[in-house]
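Q: okay, sequence plus prediction incoming.
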Amino acid sequence: MKRILVVEDEAPIARIIRHNLERQGYEVTVAEDGEAALSAVAAGLPDLVILDLLLPQHDGWALAERLRRSEATASVPILMLSIIADRERGLAAGATEYMTKPFAVTDLVDRVRRLLA
């Protein structure tokens, strides 16, 4: 079973993502901020990280850069989510894929499936 770490501080959005990905058979862990995300990664390497940009403590850009600098997570795909349409900066920070909010859940699930294929 593929493991996905969702880093999202907005609980309703995190619940929607978790619910829909679990229905597809993925194991999902949710972290509400950068520190919780780093702890979750240390507890078990995810196969994919879905990362919001606007987070408490570490913003998504800083967190993506930190994940890319670590040998353990350097090749883990990162799907960035944000209301900020700054795809170039997200990709430069280490995102594999970038989606703006609001998004269709079916599009998110399709992108996750492609990234984990």
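A: Arrived safely. Numbers count the residues shown, from 1 in each chain.

Q: in the protein, which helix or strand is least confident?
A: Counting by mean pLDDT, DSSP states H and E, the chain has its least confident helix or strand at helix 87-93, which shows a mean of 84.

Q: what secondary structure does the most centrally placed residue in the chain sit in?
A: Centroid-nearest residue in the chain: residue 50, 1.2 Å away (criterion: Cα atoms, centre = their mean). Secondary structure state of residue 50, per DSSP: H, G, I helix; E, B strand; the rest coil, is strand.

Q: what's the distance between it and residue 77?
A: Noted for residue 50: a distance of 9 Å to residue 77, by Cβ to Cβ, to the nearest Å. All C-beta atoms are positioned from the backbone trio N, CA, C, and that covers glycine.

Q: what's the local residue count around residue 104?
A: For residue 104, the neighbour count with other Cβ atoms under 10 Å is 9.

Q: before we move on, back to that, dump the helix or strand following the least confident helix or strand of the chain to CSV, restricted to CA.
A: Next in sequence after helix 87-93, counting helices and strands by DSSP states H and E, comes strand 97-100. The C-alpha coordinates for strand 97-100 follow below in CSV (Å, rounded to 0.1, in the frame of the first residue of the first chain):
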residue,chain,number,x,y,z
GLU,A,97,3.7,18.8,-9.6
TYR,A,98,1.7,21.9,-8.6
MET,A,99,-2.1,22.5,-8.3
THR,A,100,-3.9,25.6,-7.3
